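Participant: sequence unknown, structure follows:
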Ligand SMILES: Nc1ncnc2c1ncn2[C@@H]1O[C@H](COP(=O)(O)OP(=O)(O)OP(=O)(O)O)[C@@H](O)[C@H]1O
């Protein structure tokens, strides 16, 4: 038992030892397991690190590859550049080759040029001496020019005096006579009835052969002859009428004027004779040009003219002349201010043709300034004028206003007087360094287209057309007032206290300062060439002769020194 017991205890001791060993073995296994886990973790970490390092290496390899490609590309570009540079170098080499040759040539040329410069330099020296000689001469010439300018201004004064003397010798009132040509419109059936009642023409339809028209023309023309082929101062008219005893009575009338213009005369020829007067108004004179004659005799054609260059009338030509002279006079030290107005006198009432609106309803009054000898019409447009073309457009404006009036009142243009006035004020301001004289001159140019001068028609006198009778009476009144004024001015030469009846008509009152002895007057008598108008023509010729026989005193220029 004891043995049993000791054996059990021994076994128990063994079991305890074994349990202890097992526990140790378990703890050892646990440690080993822990170490194993740690070793696995480490292996895992090592793997990860390795993978990262592999990736980094791969990226590095790729980067290197890229860099190699880029370097290769750079290399390729550089090679290309190098190739080009080589080509450039070879081109430059050949250029340098050429340049060296050119340089050599230029060096030779330079040598030649240097020699030429030497020669030219000596020429320049010669020229410099010539220039200094010429400068001296120029200074002397400039001095001479200054003296000549002064002389020119002095001769200008002499010229004005002489010009005026010539005008005086020609007479301060002059008369021209102009016969208009026969017009196609004259050869109408109506005229044929008027002029050739005795002729046996049966065809009154207006269609005729050129021969018949020519024959008719000759029949219609009045017997007018121009015998003075040299001076063109005479017109002779022959008329035949039946005496009380039934016998043919032939009469010849001789008239002499300052100038007679035949039907073929051109506007330019007429103006040539008038142009001197335009010069006078820039010299400070009052100039008045009248167109007188029966309706249709060519007054408006003479004064205003037609649209074509050759048919331009006296007003536009005179205006152009005034502007031209004013421009020329600038070179003689004169400066001009030019203004214009255009009036119409109808039934003793003034109408402003340059006014605003279609029909002038204003009441205009004529005011004279005795001190300055100037005339002003109240409330009329006085337009500053700068060029002849501006005047042309003003004339057409006036023309259109007249035609408006003409349609309102039948044929008004032939039943009213139109007065175009240019006022010219000049001051001598001198030239360049040469001071002016300060002399001032004020002139005016009046271009008057008078109303038709025909006598009162009996059919109107019957009271058939009272307005026409009044118009005609007014026209006759103003035309005879004009004749009376001219006659009185003629007599004034002998009696200085002679009364001049300017106030008898609006026309003479308006033109008072331009009609006085101080002014230059020209009357252009317009005549119709037709036999039918012979009696009117003779009346006009007698009136013009009366005017022509009048001697008006010396014209005075309106000038003063400021
Ligand atoms: N010298 C001329 N050469 C050519 N045609 C002319 C000439 N003179 C006048 N005429 C023409 O004769 C016609 C009548 O002339 P104009 O109208 O000038 O006459 P007028 O005397 O002014 O008449 P009114 O008193 O009616 O105004 C117009 O057709 C005009 O063109």
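Facilitator: The structure has been received and is ready for your questions. This is a predicted model, so every value here is computed, not measured.
Participant: drop to CA atoms for contacts and neighbour counts, all remaining ones
Facilitator: Fine.
Participant: okay, and for this protein, where does confidence drop off?
Facilitator: Across the chain, the ranges flagged by pLDDT under 70 are 159-161, 163-171, 188-208, 357-361, 403-414, 432-434, 454-465, 492-496, 517-518, 551-562.
Participant: ok, now with 50
Facilitator: 191-205, 407, 409-410, 458-461, 464, 562 (pLDDT under 50).
Participant: state which helix of it is the longest.
Facilitator: Using DSSP state H, we find that the single longest helix of the chain is helix 2-170.
Participant: run the chain-centre distance for that one.
Facilitator: Distance of helix 2-170 from the chain centroid (CA atoms, centre = their mean, to the nearest Å) equals 63 Å.
Participant: do the same with stretch 378-396
Facilitator: Distance, centroid of stretch 378-396 to centroid of chain: 13 Å (CA atoms, centre = their mean).
Participant: buried stuff in that stretch?
Facilitator: By neighbour count on 16 or more other CA atoms under 10 Å, the buried set for stretch 378-396 is 380-383, 385, 388, 391-392, 394-395.
Participant: with these in mind, which one is nearest to the ligand?
Facilitator: residue 395 (15.0 Å; CA to the nearest ligand atom).
Participant: which element follows the helix or strand containing the closest one toward the C-terminus?
Facilitator: Using DSSP states H and E, residue 395 sits in helix 388-408. The element immediately downstream of helix 388-408 (helix or strand, assigned by DSSP H and E) is strand 417-428.
Participant: give me the angle between that following strand and helix 388-408.
Facilitator: 160 degrees (axes from the mean of the first three to the mean of the last three CA atoms, to 10 degrees).
Participant: partner strands of the following helix or strand past strand 417-428, parallel or antiparallel?
Facilitator: Past strand 417-428, further along toward the C-terminus, the next helix or strand under DSSP H and E is strand 430-431. Here strand 430-431 is paired, per DSSP bridges, with strand 434-435 (antiparallel).
Participant: gap between the closest residue to the ligand within the stretch 51-200 of the chain and residue 427?
Facilitator: Per CA to the nearest ligand atom, residue 180 is where the stretch 51-200 of the chain lies closest to the ligand, at 4.4 Å. The gap separating residue 180 from residue 427 is 41 Å, by CA to CA, to the nearest Å.
Participant: please apply the same query to residue 137.
Facilitator: As judged by CA to CA, residue 137 and residue 427 stand 34 Å apart.
Participant: from the chain's centre, how far out does stretch 440-454 sit?
Facilitator: 25 Å.
Participant: still on that earlier bit, tell me which two of the buried residues of stretch 378-396 sit farthest apart.
Facilitator: 380 and 388 (20.8 Å; CA to CA).
Participant: counting neighbours, what do you get for residue 329?
Facilitator: Residue 329 has 18 neighbouring residues, counting by other CA atoms under 10 Å.
Participant: same question, residue 481
Facilitator: Using other CA under 10 Å, residue 481 has 21 neighbouring residues.
Participant: now do the contacts for residue 333.
Facilitator: 153, 428-431, 436 (CA atoms under 8 Å, 6 or more residues apart in numbering).
Participant: how about 10 Å then?
Facilitator: 149, 152-153, 156, 426-432, 434-438 (CA atoms under 10 Å, 6 or more residues apart in numbering).
Participant: ok, the nearest residue to it once chain neighbours are set aside to residue 110 distance?
Facilitator: Nearest non-adjacent residue to residue 333, counting by CA to CA, 6 or more residues apart in numbering: residue 430, 4.0 Å away. Distance, residue 430 to residue 110, using CA to CA: 57 Å.
Participant: what of residue 278?
Facilitator: From residue 278 to residue 110 the distance is 69 Å (CA to CA).
Participant: pick out whichever of those two has more residues nearby.
Facilitator: residue 278 (24 against 14).
Participant: quickly find the element holding the more buried one.
Facilitator: Here residue 278 sits within helix 267-282, counting by DSSP H and E.
Participant: does the ligand sit close to that helix?
Facilitator: No: judged by CA under 6 Å from any ligand atom, helix 267-282 stays clear of the ligand, getting no closer than 7.2 Å.
Participant: what sits against the residue nearest the centre of the chain?
Facilitator: Nearest to the mean C-alpha position of the chain, counting by CA atoms, centre = their mean, stands residue 389 at 5.8 Å. By CA under 10 Å, 6+ apart, the contact set of residue 389 is 316, 319-320, 395.
Participant: one more: residue 315?
Facilitator: Shown in contact with residue 315 (CA under 10 Å, 6+ apart): 271, 289, 300, 302-305, 321, 391-392, 395, 420-422, 445-449.
Participant: up against the ligand, what does this structure have?
Facilitator: Counting by CA under 6 Å from any ligand atom, the chain comes close to the ligand at 180-181, 294-301, 413-414, 451-452.
Participant: from what I see, residue 75 and residue 67 are in contact.
Facilitator: No: Residue 75 is not in contact with residue 67 according to CA atoms under 10 Å; the separation is 11.8 Å.
Participant: where do the helices sit along the stretch 251-400 of the chain?
Facilitator: Ranges of helices in the stretch 251-400 of the chain, per DSSP state H, counting those that start in this stretch, are 267-282, 299-303, 314-330, 388-408.
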